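Asker: For reference, the sequence and a predicted model appear below.
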Amino acid sequence: METTTKSVSYHKSLIERLKDSEYAAGYLEAIMEEKDPERELLKHALQDVAEALGELNMSPEDALLHLQKLDKILSGEGSAEIYQLGLWLNALGLKLTVTVNSQDKEEAVTATEARDEQA
């Protein structure tokens with residue numbers, strides 16, 4: 001008897017999970033809490049979130065421009081500075097967090113419902 005396995009790439013699976021804005025917020029928050037982060041970790045995480053949520057909330061052209069803006073923000077030492085801010089805040093008993101903008105969440109639900117009705 002032959003069995004077939006259906007594999008989904010990790011990236012595709014991650015992008016699908018990140019389409020849930022609460023999951024995306026938790027994902028970014030966990031990345032920002034890294035004690036010894038890899039230099040490109042935050043950039044890749046933000047790119048993944050932009051890919052997932054940009055697909056739901058932006059035109060393809062706007063999503064591309066948004067990614068280009070991210071590259072500019074994080075060029076050079078940008079991501080290192082964000083981590084340093086996180087460490088600086090931690091020393092004060094505070095932390096950086098990412099939360100869902102409730103207005104955006106409502107709009108995303110409406111967009112998802114409209115997309116599902118078209119399918």
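Answerer: That came through, no problem.

Asker: drop to CA atoms for contacts and neighbour counts, all remaining ones
Answerer: Fine.

Asker: Now do the contacts for the residue minimising distance to the centre of the chain.
Answerer: Centroid check for the chain by C-alpha atoms, centre = their mean gives residue 49 as the closest residue, at 2.2 Å. Neighbouring residues of residue 49 by C-alpha atoms under 8 Å, 6 or more residues apart in numbering: 15, 18-19, 24.

Asker: Could you rerun that using 10 Å?
Answerer: By C-alpha atoms under 10 Å, 6 or more residues apart in numbering, the contact list for residue 49 reads 14-21, 23-25, 27-28, 43, 55.

Asker: Can you list which of those are found in helices?
Answerer: If you go by DSSP state H, the contacts of residue 49 have 14-18, 21, 23-25, 27-28, 43, 55 in helices.

Asker: just the residues you listed now: which is nearest residue 79?
Answerer: For the ones in helices among the contacts of residue 49, the minimum distance to residue 79 (C-alpha to C-alpha) is 6.9 Å, reached by residue 43.

Asker: residues near the closest one, how many?
Answerer: Look at residue 43: counted by other C-alpha atoms under 10 Å, it has 19 neighbours.

Asker: Help me confirm that it comes into contact with residue 68.
Answerer: No. In this structure, residue 43 is not within contact of residue 68 by C-alpha atoms under 10 Å, at 11.8 Å.

Asker: picking up where we left off before, and the residue nearest to the centre of the chain, what pLDDT?
Answerer: If you check residue 49, the pLDDT there is 93.

Asker: Distance of it relative to residue 91?
Answerer: From residue 49 across to residue 91, the span is 28 Å (C-alpha to C-alpha, to the nearest Å).

Asker: most surrounded residue in the ones in helices among the contacts of residue 49?
Answerer: Busiest of the ones in helices among the contacts of residue 49 [other C-alpha under 10 Å] is residue 24, holding 25 neighbours.
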